[in-house]
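K.L.:
Here is a sequence together with a model predicted from it:
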Amino acid sequence: VHRFRPSLVLLVATFLLLPATGSLEQPSLVAITSLADGDWAEGTVEVEIAAEGDFTQVELLANSAVVASGSPGELLAWDTAVVNATVPADFTLVARAIYSDGSRVESTPVRVTVLYPRQLTFETNGEGINIQPEWHPSGDQLVFKSNRGLEQHIYHIYTMDATGGDPVEVLTDRSYHGYPGWSPDGSRMVFNSYDPENGTTHDMDIFVVNLSSGESVQVTFDPAFDDSGRWSPNSKAISFHSGRSGSLDVWKIPVADDGSPAGEPVQLTSTDASEHCPRWSFDGEWIVYQADRDEGTDIWVMRSNGSDTRRVTDDSYYDGYPGWSPNGEWLVYDSERDGNKDLYLVPVEGGMQKRVTMDSAVDQHPSWSPNGHSLAFHSGRDDNLNLWIVDIPDITSALVVPDAETDTGAGGLLLPLALGSATVALALFLRRRSP
């Protein structure tokens, strides 16, 4: 009987446990901990750097240029602003720690994409607010509501080019307008309205205005609160939320070409929770909405007939005002999960959220452009609520996480090859030692 010497067994075990690089290199003593590969950033970003050892200073490098420096443990402020920039830009970030003797240690690079939101309307505090933007089906215009030059509780509808310019008022025969949205052919708009002189906002109903004549037709007539109407992509129905069943639920009503009702409203949700702000997918097959269930407000989806309801976000935070990506694979919404309302994306099937905006002011009510390249929203980042647009990268490749079992890149192949070679070596070793 042959006995293996412990030193040989230890040598083989060490070989088997070597990293894929085949070395015993220790992890870096400095790392960027607040950002990860593939993250998006905008504005001034506070970057956290973890460093070990007798360091006297840390630096943050963006594309090889030092953009911030400070003491170990201090948050570094990276100002990503570039004058007149609108197109997302890629940056490689590296943290550098400097020893007291002048030697330096650098972190593993982190690759991020910087976004550049741009302002479209410029009313100052006291001049009125501009909110609730929605894209024209062609993607070249936005509609929104504003109380500029009006009493605070009265809103009119305006349109403007998505590239900026002067807003143009949409003239109607109503005095109050909320949640405006286009018809699929762009010839009409749906909105909610009430009579401020003879009623309250609880008397809200859904209306449609002909953009050529300014004449409106009433779509819903229930004494309960009806709000947030949206036209189906095939023009045959308008969705809305209503309190007519005792709590807010999602409804839809068949309509004629001019928006007038062509049948009775159909209830799509019927739980005790508040379910509201429905939005159609671009193909008209699905509806997304927000529901105030359990501890937080979450995003849900269902088929356009009310079946196959499914929860997308499930947390204790506020998640609201959802909308669809044009390809139907992603949702955009605003959330308070980081302490302030910012814009986020999430796959329709659920999963990792991706943060889009990170300003200290409110960013809310996102709308995805038909070409998939931009998000419109309203924000209080200039001390008043105004319209903004941010261009985003191709989202189809934004959250690709390599699968350790199928990765065919260099890192994915080295480990199986190293382990395979070690296994062969161990098998030969044992065979030679056998009687």
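P.N.:
Sure thing, it's come through. Quantities reported herein were computed from a predicted structural model and do not represent experimental measurements. Numbers count the residues shown, from 1 in each chain.

K.L.:
mind listing what residue 210 touches?
P.N.:
Shown in contact with residue 210 (Cβ atoms under 8 Å, 6 or more residues apart in numbering): 187, 188, 216, 258. C-beta: built from backbone N, CA, C; applies to glycine.

K.L.:
Equivalent analysis for residue 139, please.
P.N.:
Residues near residue 139 by Cβ under 8 Å, 6+ apart: 162, 369, 370, 371.

K.L.:
Among the contacts of residue 210, which one sits closest to residue 230?
P.N.:
Proximity of the contacts of residue 210 to residue 230 (Cβ to Cβ) peaks at residue 188, which lies at 12.6 Å.

K.L.:
Hmm, residue 214 and that closest one touching each other?
P.N.:
No: taking Cβ atoms under 8 Å as the definition, residue 188 is not a contact partner of residue 214, at 11.0 Å.

K.L.:
Who has more neighbours out of these two?
P.N.:
residue 188 (21 against 12; other Cβ atoms under 10 Å).

K.L.:
measure residue 185 to residue 138 for me?
P.N.:
Residue 185 sits 10 Å away from residue 138, going by Cβ to Cβ, to the nearest Å.

K.L.:
Next: residue 368.
P.N.:
Residue 368 sits 14 Å away from residue 138 when distances are taken as Cβ to Cβ.

K.L.:
Would you mind listing the outside residues contacting whichever strand or helix holds residue 346?
P.N.:
Element membership for residue 346 (DSSP states H and E) is strand 342-347. With contact meaning Cβ under 8 Å, 6+ apart, strand 342-347 is reached by 299, 312-313, 319, 325, 329-335, 337, 352-359, 363, 366, 375, 377, 390, 395, 398-399.

K.L.:
in the top strand by length along the chain, what's buried?
P.N.:
Looking across the chain with DSSP state E, the single longest strand is strand 89-99. Buried residues in strand 89-99, counted by 16 or more other Cβ atoms under 10 Å: 91, 93, 94, 95, 96, 97, 98.

K.L.:
what's residue 63 in contact with, if anything?
P.N.:
Residue 63 sits next to 91, 92 when contact means Cβ under 8 Å, 6+ apart.

K.L.:
Mind jotting down where the helices sit in the stretch 301-435 of the chain?
P.N.:
410-433 (DSSP state H, counting those that start in this stretch).

K.L.:
residue ranges of the helices in the stretch 151-300 of the chain, please?
P.N.:
Using DSSP H, counting those that start in this stretch, the stretch 151-300 of the chain contains no helices.

K.L.:
Residue ranges in it under the pLDDT threshold?
P.N.:
Applying pLDDT under 70 to the stretch 151-300 of the chain picks out no residues at all.

K.L.:
What are the boundaries of the strands in it?
P.N.:
Taking DSSP state E, counting those that start in this stretch, the strands of the stretch 151-300 of the chain run over residues 156-161, 168-170, 178-182, 188-193, 205-210, 216-218, 226-231, 237-242, 249-254, 266-267, 274-280, 286-292, 298-303.

K.L.:
Looking at these, which is nearest to residue 60?
P.N.:
Comparing the strands of the stretch 151-300 of the chain under Cβ to Cβ, the one sitting nearest is strand 298-303, at 34.4 Å.

K.L.:
Check which helix or strand residue 66 maps to.
P.N.:
Judged by DSSP H and E, residue 66 forms part of strand 65-70.

K.L.:
Sheet partners, orientation included, of that strand?
P.N.:
Paired strands of strand 65-70, with direction, are strand 55-62 (antiparallel) (DSSP bridges).

K.L.:
and stretch 222-235, which residues are buried?
P.N.:
Residues of stretch 222-235 classed as buried under the neighbour-count rule (16+ other Cβ under 10 Å) are 225, 226, 227, 228, 229, 230, 231, 232, 233, 235.

K.L.:
between those residues, which is closest to residue 307?
P.N.:
Distances from residue 307 to those, taken by Cβ to Cβ, are shortest for residue 232, at 16.0 Å.

K.L.:
which one of residue 368 and residue 138 has more residues nearby?
P.N.:
Taking other Cβ under 10 Å, residue 368 and residue 138 do not tie; residue 368 has more neighbours (24 against 11).

K.L.:
what's across from the more buried one in the sheet?
P.N.:
Here residue 368, judged by DSSP bridges, has bridge partners residue 375.

K.L.:
In contact with it, which residues?
P.N.:
Residue 368 neighbours (Cβ under 8 Å, 6+ apart): 135, 323, 324, 325, 326, 332, 374, 375.

K.L.:
what's the closest non-adjacent residue to residue 184?
P.N.:
Among residues not flanking residue 184 along the chain, residue 235 sits closest, at 5.0 Å (Cβ to Cβ, 6 or more residues apart in numbering).

K.L.:
Check the gap between that neighbour and residue 325 for me.
P.N.:
21 Å.

K.L.:
Make JSON lines from the contacts of residue 210 and add distance to residue 126 to it.
P.N.:
Below are the contacts of residue 210 laid out as JSON lines (distance: Cβ to Cβ, whole Å):
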{"residue": "187", "distance to residue 126": "35"}
{"residue": "188", "distance to residue 126": "33"}
{"residue": "216", "distance to residue 126": "30"}
{"residue": "258", "distance to residue 126": "39"}
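
K.L.:
Can you select the buried ones from these in PyMOL?
P.N.:
Selection of buried members from the contacts of residue 210 for PyMOL, criterion 16+ other Cβ under 10 Å:
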select buried, resi 188+216
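
K.L.:
hmm, which two among the contacts of residue 210 are most spread apart?
P.N.:
The most distant members of the contacts of residue 210, if one measures by Cβ to Cβ, are 187 and 216, lying 13.4 Å apart.

K.L.:
OK, contacts around the closest residue to residue 174 other than its chain neighbours?
P.N.:
Spatially, and ignoring its direct neighbours in sequence, residue 174 is nearest to residue 193 (4.6 Å; Cβ to Cβ, 6+ apart). Each residue near residue 193 by Cβ under 8 Å, 6+ apart is listed here: 174, 175, 176, 177, 178, 204, 205, 207, 216.

K.L.:
Perfect, that will be all.
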